[in-house]
Structures are given as C-alpha cells and as structure tokens.
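S.K.: Sequence plus predicted model, see below.
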Amino acid sequence: MTTVLPTAATGASGTATGPEGLLPRFGHVIDGVEVQSASGEVFASIDPYTRKPWAEIALGGQAEADLAVAAARRAFDEGPWPRMTAGARRTVIHRFADLLIEHADELALADTRDMGKPITQSKGNDVPRTALNFRFFADHAALSPAEVLPMDSGHHTYTRFDPAGVVVAIAPWNFPMMLESWKVAPALAWGNTVVLKPAEDTPVSATIMARLALEAGIPPGVFNVVHGYGPESVGSALTEHPDVDRITFTGESGTGKIIARAASANLVPVSLELGGKGANVVFADAEIENAIDWSIKAIFTNAGQVCLAGSRIYVERPLYEEFVDRFVAAANAMTIGDPKDPATQIGPLASGEHYTKVRGYYDTIGESGGSQLSGSLGEGWFIAPTVIATPDSDSVHQREEIFGPIVTISPFDTEEEAVNLVNDSPYGLNAMLFTENLTRAHRVSAALVVGTVWVNCFFIRDLRAPFGGAKASGVGREGGNFSREFFTEPKAVVMQMLPPAPH
Ligand code: NAD
C-alpha cells in the first residue's frame, strides 16, 4: 500500500535496511544516476505486516517519464548497448545476475517488506529466478540458432532479429523483481533500452536492481527505473509516450485494456500478461497425495496473490469427500505469521486496499458455501487459508479473480463436464490436471482454452516455452523465441548466392 508523504528529505539513500530511525530512501534511476523527482514529492512503502511505512520513494510524474524515455532513446540511438554483439551483452548480463545473487538478502527483504511475501519465497525462489531470467535470456539471445532458407532461385533468405528500441515495462506487485526481470531481461538481451515502472506498492527492489545493473557495467540510460502511480501519472505518461517502441505490461485485465488503447494510439506493439482464474481438475484415478500437495501450493503460495493461482478445484465425485477432508487438514497445518520468519508459509496480504477487496469476497462466503477457517493475525493484513466446499459451480468466488488465499472445491461427474467448467470463465491463463490416464491427459489438455496446462504438477517452467493467456488473461506470449519476436524487429535479408540465371 502506498501513502503520499509531504515533500521531505528524511531518509538516507542506501540499503533496504537503512540507519535506525530514518526511512531508507529510494530514487528513480535515470541515465545512470539515482535521482529524486523534480517536484521533490515522495511516497511511502508500507510494510503490510507492521502496517507502518518502512521506505520512502521518489514519486514520479510526467517529467520523470519524459526524462527516462529521453535517456533510453539516447542510449538506444547513440550508445554502445544495441551495437554490441549479443555475446558481449551476455557477458555483462551474467555479471549482473552474479550481483543479484550476491545481494540476495537485500533484494529478498525489499520484496518481503514491500508486500509481505514470506522470506523463504523471496530469497529461496524469487531472487534465484530473477537471476535465472537474466542468464536465460542472455544465453538465448546469444546462442539460439536462426533459420536460413535456401531458395530454388539460388538465393538465401535469413532473418535478423534487430533490437526494437525503447521498451516500457509496467509491472505488478505480486512477484516484484521476478516479473520485472521477465520483461527487462529479454529486452536487454536483444539490445533494447528499457524504462521500468514497478508497481507503487513494491518499488524498492527495482531501484536496487538498477543500481546493480550499473555496477555490472550495463551502460547509463540502458536500464532506467521510474516510480509512481499508474493512471494519470507516471504510468500513463509512459504508455502514452510517442517515443516508445514496445510496451510490455503485467497486471489486471482492466488495466490491460487501458494500456492497449494507449499503445494503439501510437501503433506500438504491446504484450499483455493479465489476470487469471486457474482451475485444477482432479480425476478419481489421480495420485491423491500429489494432487493435494500441488493444489495446496497452487492456491496458498504468496497468500494466493498469484496470477496462476489454482483458485477453483474440481474433483471427480468418487474422490470428492476424501479430497476435501485432506485438503482442509493440509490448509489448517500451514504456518501463518511474520513474513520475515523463515518458518512462515503465509504472510499478510500486500496492502490494506487489497485486504479490503479480498475481505469483501470472504464476507460473502455464506452465500455460496461454508468457510473452514479464517481470521486476522496481529497487526498485519492477514486472511487465513479459506476453503469453500460447494456443489455450486457458478458463484462469484468461482468466476472472479480474488487474488487471495480463498479456494473453492466442487464435484464433477464426467470429463466433458470438467472441460466445460474450466472453459466457462472469462479468463484463460492456466489449468492443472491430475490423472494417471495418459490418453485423457492429452485429450483434456487439447480441449482447454488456456495458455498453460500442467499435468500432475504445477509451477514448473521451461523458459523456452510460450507463457501467456487466452481470453481476458492476455494478448501475446513471452518466453524463448516468443520473447525474441516481441522484443526485436525481425528483418528478412534476401541474398543472391549464385550468379543470376541468364535471361
Ligand atoms: P494493476 O493493473 O493494478 O497494476 C499493474 C501496474 O500497472 C502497476 O505498476 C500500476 O501502477 C500500473 N498501472 C495501473 N494503471 C495504469 C495506467 N492507466 N497506465 C499505466 N500503468 C498503469 O495490477 P496489480 O494489482 O499490480 O497486479 C495484480 C494483477 O496482475 C492480477 O490481476 C494478476 O492476475 C495479474 N498478474 C498477471 C500475471 C501474468 O503473467 N498473466 C502475473 C502476475 C500478475
């Protein structure tokens, strides 16, 4: 959650811990320099466990958007980065990834304090995944083969993947550094320059990353960060900017529509990774232990604040009661508490505003089923794991993205019914199937209108594969060559290889 503070110079610029009594201060990083806003305005990042400000951030607007795009444009038009070989960029990006790992404690604490994510996840998963994203795309850009087409006419056609230009990346708060790296890494690896706007609830790790990028040798102006809000602020100033070549956005589907409109006004290609309502289908022949294990992780990781969260579970009727009993027991056994404590599995929700939204869904559970447990812990914005076991299949809890630790479990009788239940959603990001029947797994995977199907597992990713959503879950795919298509300007070059044929 964010609160605007009066203009102040209270904090020391520096690490995510800062001297006692002073809030650590984080600026924009524009053209290689960490700066405050021209207006002098700042805002606070609130720790959702203590509900108190813990860091002070420069609040950007149109002026900062203009400065950052101009810096990225200069670095693209005149600087070395787009002109280096992909191999040379790879060396620098690997050095950057090394620094991210060296600063794992600082980065992990930043995301944990900004949004309440358990430290075991931010340090154990998000930091290594962020570094991996940079390493993967640096390697992919440098090493992946490109097709050459020998033609009957005696010509060869090949494709160049030239950098596209200035990339604006707008990120959400649920996996701050990790989702930012999913955009910044391919953009940099293919020679673009970037302006990143992190979510206003989770600004700190982006500034730390930009500082480390400079230390690694990524030239000034190549990776810029500006902070502030989205609508009628620095976010819209960036997405409406006429001097931008690509916009990559992850966030809510409603915001995606606004950003798509802004991009279309300037004919800028846009990639949208949007909301989801992930479904798990558990057939009666599933290995129940495995299905429960993954289904618990799928909804309660990051307190359910995951676009891929498996928030509606459909279980074939013969297994239904046993599944519900064992799932509830597993949910009850989870440790809720201070996200900085390594024993914590579920922390608070990211902000007061988000808590109010999720609490609204919680308070209407009576209308669609029974809750097993919930409650408020300490000062933080907590909602405990909540299970709605219901024969209903069309409640608000099954249709809307709650983005919290609330899950429905409903029975089904036939494979066809299960497919229809999954597809009967405005979203189409992902689904999970649990079955030992190989033929059925292939058949159902083919029938689902989603971007990713996991069979007997979840969260596992090969970064070469397409990632994205169907329907209201997104436009376009990223990952591997899909990212290459988006972050480059592919160009066909036709070479005459043999002397021209006599006329
Ligand atoms: P959000 O749409 O509220 O905000 C995302 C970002 O957009 C923030 O940085 C915000 O400041 C900015 N923004 C908001 N309005 C803007 C505007 N008019 N112009 C420019 N920028 C604007 O989303 P959120 O609440 O931060 O994130 C949660 C959502 O993100 C959920 O719906 C979740 O499913 C989705 N998400 C999707 C994926 C995916 O890969 N598909 C991954 C993570 C999160």
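M.R.: Done, it's in.
S.K.: number of nearby residues for A446?
M.R.: Applying other C-beta atoms under 10 Å, we find 9 residues neighbouring A446. In short, each C-beta sits where N, CA and C put it, glycine included.
S.K.: And R95, by the same measure?
M.R.: Under the neighbour criterion other C-beta under 10 Å, R95 is assigned a count of 17.
S.K.: what residues are up against it?
M.R.: A216, G217 (C-beta atoms under 8 Å, 6 or more residues apart in numbering).
S.K.: would it count as being in a helix?
M.R.: Yes: using DSSP: H, G, I helix; E, B strand; the rest coil, the secondary structure at R95 is a helix.
S.K.: Roughly how far does it sit from G32?
M.R.: 16 Å (C-beta to C-beta, to the nearest Å).
S.K.: from the chain, which residue is nearest to the ligand?
M.R.: Nearest to the ligand, among the residues of the chain, is G230, at 2.2 Å (C-beta to the nearest ligand atom).
S.K.: and that residue, what are its phi and psi?
M.R.: Backbone torsions of G230, given as degrees, to the nearest 10, read phi -90, psi -80.
S.K.: I'd say it and E240 touch.
M.R.: No: in this structure G230 lies outside contact range of E240 using C-beta atoms under 8 Å: 11.7 Å.
S.K.: for the ligand, what are the nearby residues on the stretch 51-200 of the chain?
M.R.: Contact residues, the stretch 51-200 of the chain versus the ligand (C-beta under 6 Å from any ligand atom): I170, A171, P172, W173, N174, L179, K197, A199, E200.
S.K.: wait, what's in contact with the second one?
M.R.: This points to A171. L179, E180, K183, L196, K197, P198, A199, A206, T250, G251.
S.K.: Could you list which of the residues you listed belong to helices?
M.R.: Using DSSP state H to define helices, the subset of the contacts of A171 located there is L179, E180, K183, A206.
S.K.: Using a markdown table, lay out these together with pLDDT.
M.R.: A markdown table is the format used below for the ones in helices among the contacts of A171 (pLDDT from 0 to 100):
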| residue | pLDDT |
| --- | --- |
| L179 | 98 |
| E180 | 98 |
| K183 | 98 |
| A206 | 98 |
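S.K.: Could you export the residues you listed as JSON lines, including distance to S483?
M.R.: Putting the ones in helices among the contacts of A171 into JSON lines (distance: C-beta to C-beta, whole Å) gives the following:
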{"residue": "L179", "distance to S483": "14"}
{"residue": "E180", "distance to S483": "14"}
{"residue": "K183", "distance to S483": "9"}
{"residue": "A206", "distance to S483": "20"}
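S.K.: Just give me the neighbour total for the nearest residue to P426 once chain neighbours are set aside.
M.R.: Ranked by C-beta to C-beta, 6 or more residues apart in numbering and with sequence neighbours excluded, the top spatial neighbour of P426 is A472, at 4.6 Å. Per other C-beta under 10 Å, the neighbour tally for A472 reads 22.
S.K.: can you check T356 too?
M.R.: 11.
S.K.: helix/strand/coil for it?
M.R.: helix.
S.K.: Please name the residues that touch A189.
M.R.: With C-beta under 8 Å, 6+ apart, A189 has these contacts: A86, R89, R90, I93, F134, F137, A138, H140, A141, A142, F487.
S.K.: Those: which two are farthest apart?
M.R.: Within those, two members stand farthest from each other by C-beta to C-beta: R90 and F487, at 15.0 Å.
S.K.: the more surrounded of those two?
M.R.: Applying other C-beta under 10 Å to R90 and F487 shows that F487 carries more neighbours, namely 30 against 21.
S.K.: next one: phi and psi at that one?
M.R.: phi -90, psi 10.
S.K.: shouldn't it be in contact with A164?
M.R.: Yes: under the criterion of C-beta under 8 Å, F487 makes contact with A164 at 5.8 Å.
S.K.: joint contacts of these two?
M.R.: What both F487 and A164 touch, as defined by C-beta under 8 Å, 6+ apart, is the set W190, N192, R246.
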